[in-house]
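Student: Predicted model follows, preceded by the sequence.
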Amino acid sequence: MNTMTEGQMGPRPGWWSRNWKWVLPSGCLGLLLSCGCLGALFFGFITQTLRGSGVFVEAVAQARQSPEVRQALGEPVEAGMMIQGSIHSSNERGTANFSVPLKGPKADGTLYVEAYKNGDQWTFTTLTVEVPGHPDIHLRSGSPAPPGNTVPLPDSLPEVEPLPDDEAPGETGEPAEPERQEPEQKKNDIQL
C-alpha cells in the first residue's frame with residue numbers, strides 16, 4: 001500500500017529547473033574571468049618580450065647611467081610597465097619607436113626612443129627623457145644619425161642661379177635634353 005498523498009506523487013523537477021538560478025550567473029562569470037585571465041597572460045607575454053629586447057635594455061641602461069636623469073628623477077631609476085610603441089626586427093635589420101615611463105623617488109618621466117638596427121648594433125636616432133617641469137634631457141650627443149636605408153644630405157647645397165622668367169629650357173634655340181628613364185629594378189621585399 002502506498003502511504004504518499006496524492007499531491008506528492010507528481011513528477012520531480014529536473015536538475016536544470018532546480019539549479020539554473022545559480023548555474024547561469026556562475027557560468028557567465030567563469031567565462032568572463034577566463035577571458036580576462038587569457039588577456040592578462042597575452043599582455044604580460046608581449047610586455048616581457050618587449051622588455052627583453054636588446055634595444056629596450058640598452059635604452060633604459062643609458063637613461064639610468066645619465067647623471068642628468070638621476071638628478072631629475074632621483075635614484076634608483078626604474079622602468080614602468082606600460083610600454084607604448086613598436087619594435088620590428090628580422091635577421092640583421094630592425095626599427096624601434098617606443099616610449100617607456102621612468103620612475104624615481106623625486107619625479108616621474110618618459111623615455112622616448114627611436115632606433116634602427118643594421119647588423120647586430122642598434123643605432124639611436126632619438127633618445128630623450130622628458131620630465132615635467134624640467135628641460136628635455138637628450139641622451140645622444142651630436143645630431144641624430146640617419147637610418148641605415150637613407151642617404152644623408154650635405155649641410156649646405158651649392159647656390160644655383162635661377163632661370164630668367166622669360167626663358168624656359170628649349171625656348172632659347174637650344175634643344176631641350178631628353179628625360180632619362182631609369183630601368184626598373186626588381187625588389188625582393190617580403191612582407192610578413
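Tutor: That came through, no problem.
Student: Only C-alpha atoms from now on, for both contacts and neighbour counts.
Tutor: Noted.
Student: which outside residues touch stretch 40-59?
Tutor: Met81, Met82, Ile83, Ile87, Ala96, Val113, Ala115, Trp122, Leu127 (C-alpha atoms under 8 Å, 6 or more residues apart in numbering).
Student: Off-centre distance for that stretch?
Tutor: Relative to the centre of its chain, stretch 40-59 is centred 10 Å away, using C-alpha atoms, centre = their mean, to the nearest Å.
Student: Please apply the same query to stretch 67-81.
Tutor: 22 Å.
Student: Please apply the same query to stretch 90-102.
Tutor: 7 Å.
Student: How about stretch 84-92?
Tutor: In this view, stretch 84-92 has its centroid 8 Å away from the chain centroid, taken as C-alpha atoms, centre = their mean.
Student: Let's see that stretch as PDB, backbone CA atoms only.
Tutor: What follows is stretch 84-92, C-alpha atoms only, in PDB (Å, rounded to 0.1, in the frame of the first residue of the first chain):
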ATOM      1  CA  GLN A  84      53.900  52.100 -25.900                       C
ATOM      2  CA  GLY A  85      55.200  51.800 -29.500                       C
ATOM      3  CA  SER A  86      56.700  49.100 -31.600                       C
ATOM      4  CA  ILE A  87      59.900  47.100 -32.200                       C
ATOM      5  CA  HIS A  88      60.400  45.300 -35.500                       C
ATOM      6  CA  SER A  89      63.400  43.200 -36.000                       C
ATOM      7  CA  SER A  90      64.200  40.500 -38.500                       C
ATOM      8  CA  ASN A  91      67.600  39.000 -39.200                       C
ATOM      9  CA  GLU A  92      70.200  41.800 -39.400                       C
END
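Student: which residues touch that stretch?
Tutor: Taking C-alpha under 8 Å, 6+ apart as the rule, stretch 84-92 contacts Leu50, Gly94, Thr95, Ala96, Asn97, Phe98, Ser99, Val100, Lys117, Asn118, Gly119, Asp120.
Student: I'd like the mean pLDDT over it, please.
Tutor: Average pLDDT, stretch 84-92: 84.
Student: next one: stretch 16-26
Tutor: The average pLDDT within stretch 16-26 is 88.
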